[in-house]
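Q: Curious how this folds, go ahead:
(one chain, ligands or ions: 1)
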Amino acid sequence: MKIGIISGSHRTDSQSAKIANYLNKLLAETHADVETWIYDLGKAPLPMWDEALFSGGEHWAPLDELKAQCTDTDGFVVIAPEWHGMAPAAVKNFFLVMGNGGELAHKPGLLVSLSVLTGGANAICELRMSSYKNSRICYIPEQLVVRNVLGVFNEDAESNNGEEHDYFVDRGKYALNQLIEYAKALRLVRDSGAGDLAPYPNGM
Ligand SMILES: Cc1cc2nc3c(=O)[nH]c(=O)nc-3n(C[C@H](O)[C@H](O)[C@H](O)COP(=O)(O)O)c2cc1C
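A: Numbers count the residues shown, from 1 in each chain. Modelled structure (predicted):
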């Protein structure tokens, strides 16, 4: 079982990456048999979609490795901060460049959003509404909206707001546990062939 964690902020030192690392640690603690990887779109930005994606443009070469990694992965955590009431372009671009290649198809996704204040819900709604059609990622019903993010998921315990942090650690484990079970279950769907993308590469 392999889980990929996509950190969707453009910032090189982001709260999204902080959460990615913390959830990665929680997965290691609770599911020792699960392999994980993190792709930080702030530290390793993908080029913005352009037509050279289809004509072998050199700047797209690194995408092959990411696509291979996604193909070999059973489920995803997609972390998107709320920026101006939206999901940042980096995470939308991730879904654009992944396109309809099937790397994410019929695999569960746990959405995580965050805000320094009380936002976050808009980024989740946007991704639930628009990022699955061609990628066929299957977002699970559970999600994490990490409000007041500066006080939770910090490695330095003194920076954490105790009660809030404990709540999010518990809730994070609960959500990750569900993601793993959906990952097991959705293997059956992929193995059945019913989700074959060949007849209809694009969603309706
Ligand atoms: C361009 C930009 C727009 C933002 N817009 C919002 C917003 O609409 N709502 C909100 O709650 N926080 C907003 N914030 C504050 C973020 O919650 C905060 O910067 C958070 O750390 C972003 O996550 P990141 O560090 O992973 O990028 C914005 C931040 C940036 C950089």
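Q: CA atoms for contacts and neighbours, from now on please.
A: Fine.
Q: Give me the next element, helix or strand, following the lengthiest strand in the chain.
A: Using DSSP state E to define each element, the chain has its longest strand at strand 138-146. The helix or strand immediately downstream of strand 138-146 is helix 162-192, counting by DSSP states H and E.
Q: Who are the packing partners of that next one?
A: On a contact count with 3 or more CA pairs under 8 Å, 6 or more residues apart in numbering; DSSP states H and E, helix 162-192 meets helix 15-30, strand 75-81, strand 108-114, strand 138-146.
Q: can you do 7 Å?
A: In terms of contacts (3 or more CA pairs under 7 Å, 6 or more residues apart in numbering; DSSP states H and E), helix 162-192 is packed against strand 108-114.
Q: Name the surrounding residues that touch the strand it packs on.
A: Strand 108-114 is contacted by residues 75-82, 120, 123-124, 137-140, 142-147, 149, 179, 182-183 when judged by CA atoms under 7 Å, 6 or more residues apart in numbering.
Q: and the ligand, which of the residues you listed contact it?
A: 81-82, 120 (CA under 6 Å from any ligand atom).
Q: Select from those the one having the most neighbours.
A: Highest neighbour count within those, by other CA atoms under 10 Å: residue 81, with 31 neighbours.
Q: give the contact list for that residue.
A: Counting by CA under 7 Å, 6+ apart, the residues that residue 81 touches are 9, 16, 87, 113-115, 120, 123.
Q: go again using 8 Å as the cut-off
A: Taking CA atoms under 8 Å, 6 or more residues apart in numbering as the contact definition, residue 81 lies against 8-9, 16, 87-88, 113-115, 120, 123.
Q: Identify the bridge partners of it.
A: Residues in a beta bridge with residue 81, per DSSP bridges, are residue 114.
Q: Give me the pLDDT for the residue of the chain positioned farthest from its centre.
A: Going by CA atoms, centre = their mean, the residue of the chain most distant from its centre is residue 158, 27.7 Å out. Residue 158 is assigned a predicted lDDT (pLDDT) of 97.
Q: repeat for residue 56
A: Per the predicted model, pLDDT is 87 at residue 56.
Q: how near is it to residue 157?
A: From residue 56 across to residue 157, the span is 47 Å (CA to CA, to the nearest Å).
Q: do the same with residue 29
A: Distance from residue 29 to residue 157, by CA to CA: 17 Å.
Q: go on, residue 84?
A: Separation of residue 84 from residue 157 (CA to CA): 30 Å.
Q: Any idea how many residues pack against residue 194?
A: For residue 194, using other CA under 10 Å, the count is 9.
Q: How about the secondary structure of it?
A: Following DSSP: H, G, I helix; E, B strand; the rest coil, residue 194 is assigned to coil.
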